[in-house]
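Enquirer: I'll drop the sequence and a predicted model, then ask my questions.
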Amino acid sequence: MRAGEARVGELQRRMSDEGIDLFIFNDADNITYFAEYWNYLGMEFGRATLLIVPRDDPPILITPAMESEMARAMTWIVDIQEWSDGSGAEWARPVERVLDNSAIHTIAIEPAKTNSQVLDLIRSLCTGKVLKDGSHVVCAMRMIKTAEELVVMRQAGQVAAAMAEGGKSVIAEDVPEYEVALAVIAAGTRKAASLLTDTGQGQFHSPAVYNLQILQSGHHTCMVHRRSNVRRIKHAEPVYLCFCGIANFKNFKLGFDREFFVGEVRDSHARVYETTLKAQQAALAEIRPGAVSEDVNAAAEEVYRSAGFDPSYRTGRSIGYSFLEPPELKRGDKTVLKTGMTFAVDGGITVPGEFGGRVGDSIVVTKNGFDYLTDYPRDLTII
């Protein structure tokens with residue numbers, strides 16, 4: 001049995017417990033999770049891909065006709081319903097057929113992850129039916145990672161470390177930022193390629209690193225999410241590399257940040273960075289089964305306050321198939337940690353107009369604490 005098939009079986013069991021007759025997915029990450037199918041078209045191109053899971057019957061995958069051959073090669077789902085541009089009601093027609101069933105009373109969706117066009121159609125077709133938010137059902141399933149999933153996430157960590165090493169290898173005075181980003185892309189792609197095969201599901205995974213990297217140097221490190229540009233790195237400057245949007249491997253997405261200093265490090269910068277690292281490590285020291293999410297965050301915030309800095313953002317977020325999954329390590333999140341949860345755990349301080357110090361790792365909660373998924377040196381490093 002394929003992993004996705006087992007997941008759908010578990011979803012249907014939970015749907016029965018919740019009194020849900022039908023679940024409609026539009027979110028690409030959940031379609032990957034359940035159908036083991038990922039495509040490259042979405043509603044930004046006006047082309048919907050949908051997964052419909054009845055409680056008591058086999059699931060249905062709705063896909064653009066141009067991608068139907070790829071869908072059949074990738075997914076375990078037998079009922080694939082394709083549609084073509086400009087033909088009838090396009091992707092709406094198969095949805096209408098499914099919902100035109102008097103036996104279906106309660107329908108679950110994920111409102112926050114459903115495109116507005118899809119959501120409007122579903123609502124229009126649900127007159128006399130109950131439409132409910134089923135996000136919590138899926139979140140509970142995806143929150144704990146299996147041993148097989150953790151193998152892939154550790155491989156993603158290897159790709160992330162290769163990216164960091166590739167970027168570090170070209171950082172120097174007078175090097176433009178974009179050259180660092182290019183080195184990151186090349187190193188990560190080559191490492192990912194070494195972990196892939198061109199058979200089975202492997203033939204559908206690309207090793208290519210994509211998305212614009214978050215990268216800044218000098219005082220621009222105050223701009224937490226600026227991308228690389230043509231600015232040239234100078235002596236005694238920090239160079240910050242965030243891999244959170246690009247450390248993706250086999251559909252798993254990690255969080256990972258590193259910072260380097262060129263030639264030397266100013267005392268004020270060293271103090272900020274060391275405090276940042278101390279805050280991250282204080283948070284990590286709290287991670288274990290039974291810990292509460294907001295308490296992990298509080299440990300980091302105490303380090304910031306003790307050093308005279310104001311906390312400005314969360315300490316961590318759950319990771320997996322999506323860039324952001326619940327729970328989060330932040331104030332107000334009272335989720336109790338369990339073995340198998342995975343998080344990106346960060347330390348970060350911004351001194352406006354001067355410097356930003358940041359470090360981040362991905363980890364998995366173990367029965368005794370945690371293990372790193374991104375195992376790469378994090379001490380203050382001068383290049």
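Expert: Happy to help now that I have it.
Enquirer: point to the residue nearest the middle of this protein.
Expert: Taking CA atoms, centre = their mean, the centroid of the chain lies closest to Phe323, which sits 2.2 Å from it.
Enquirer: find the nearest non-adjacent residue to Gly42, please.
Expert: What sits nearest to Gly42 in space, not counting adjacent residues and going by CB to CB, 6 or more residues apart in numbering, is Ala28, at 6.6 Å. Yep, even glycine has a C-beta here, placed from its N, CA and C like the rest.
Enquirer: against which helices or strands is the top strand by length along the chain packed?
Expert: Secondary structure of the chain read by DSSP state E shows that its longest strand is strand 355-366. The helices and strands touching strand 355-366, judged by 3 or more CB pairs under 8 Å, 6 or more residues apart in numbering; DSSP states H and E, are helix 147-170, strand 238-242, strand 257-261, helix 267-286, strand 342-351, strand 369-372.
Enquirer: for the first one, packing partners?
Expert: Yep, that's helix 147-170 we're talking about. helix 177-194, strand 238-242, strand 248-249, strand 252-253, strand 257-261, strand 355-366.
Enquirer: the inter-axis angle of it versus strand 342-351?
Expert: 30 degrees (axes from the mean of the first three to the mean of the last three CA atoms, to 10 degrees).
Enquirer: could you list the buried residues of helix 147-170?
Expert: The neighbour-count check on helix 147-170 (16 or more other CB atoms under 10 Å) flags 149-150, 152-168, 170 as buried.
Enquirer: now do that helix, average pLDDT.
Expert: The average pLDDT within helix 147-170 is 98.
Enquirer: quick one: it to strand 238-242, angle?
Expert: 150 degrees.
Enquirer: tell me the confidence at the residue nearest to Gly42?
Expert: For Ala28, pLDDT reads 94.
Enquirer: what's the answer for the one 5 residues further on, then?
Expert: At Tyr33, the predicted lDDT confidence score is 97.
Enquirer: please, which helix or strand holds it?
Expert: Counting by DSSP states H and E, the element that carries Tyr33 is helix 28-35.
Enquirer: still on that earlier bit, pick the most buried one from the helices and strands packed on helix 147-170.
Expert: Greatest average neighbour count among the helices and strands packed on helix 147-170 goes to strand 238-242 (a mean of 25), per mean count of other CB atoms under 10 Å.
Enquirer: what does that one rub up against?
Expert: 163-164, 167, 171, 177, 180, 184, 213-218, 221, 225, 233, 256-262, 265, 269, 273, 355-358, 360 (CB atoms under 8 Å, 6 or more residues apart in numbering).
Enquirer: what sits against the nearest residue to Ala187 once chain neighbours are set aside?
Expert: Among residues not flanking Ala187 along the chain, Gly166 sits closest, at 2.4 Å (CB to CB, 6+ apart). In this structure, Gly166 makes contact with 183-184, 186-188, judged by CB under 8 Å, 6+ apart.
Enquirer: again with Cys222
Expert: 350-356.
Enquirer: by pLDDT, give me the weakest of the residues you listed.
Expert: Gly353 (88).
Enquirer: list the contacts for that residue?
Expert: Taking CB under 8 Å, 6+ apart, we find Gly353 in contact with 219, 222.
Enquirer: if I look at it, how far off is Ser306?
Expert: 23 Å (CB to CB, to the nearest Å).
Enquirer: equivalent analysis for Ala344, please.
Expert: From Ala344 to Ser306 the distance is 24 Å (CB to CB).
Enquirer: so between the two, which is more surrounded?
Expert: Neighbour tally, Ala344 and Ser306, criterion other CB atoms under 10 Å: the higher count belongs to Ala344, 27 against 12.
Enquirer: let me know the pLDDT of Met43.
Expert: pLDDT, Met43: 69.
Enquirer: appreciated, that's everything.
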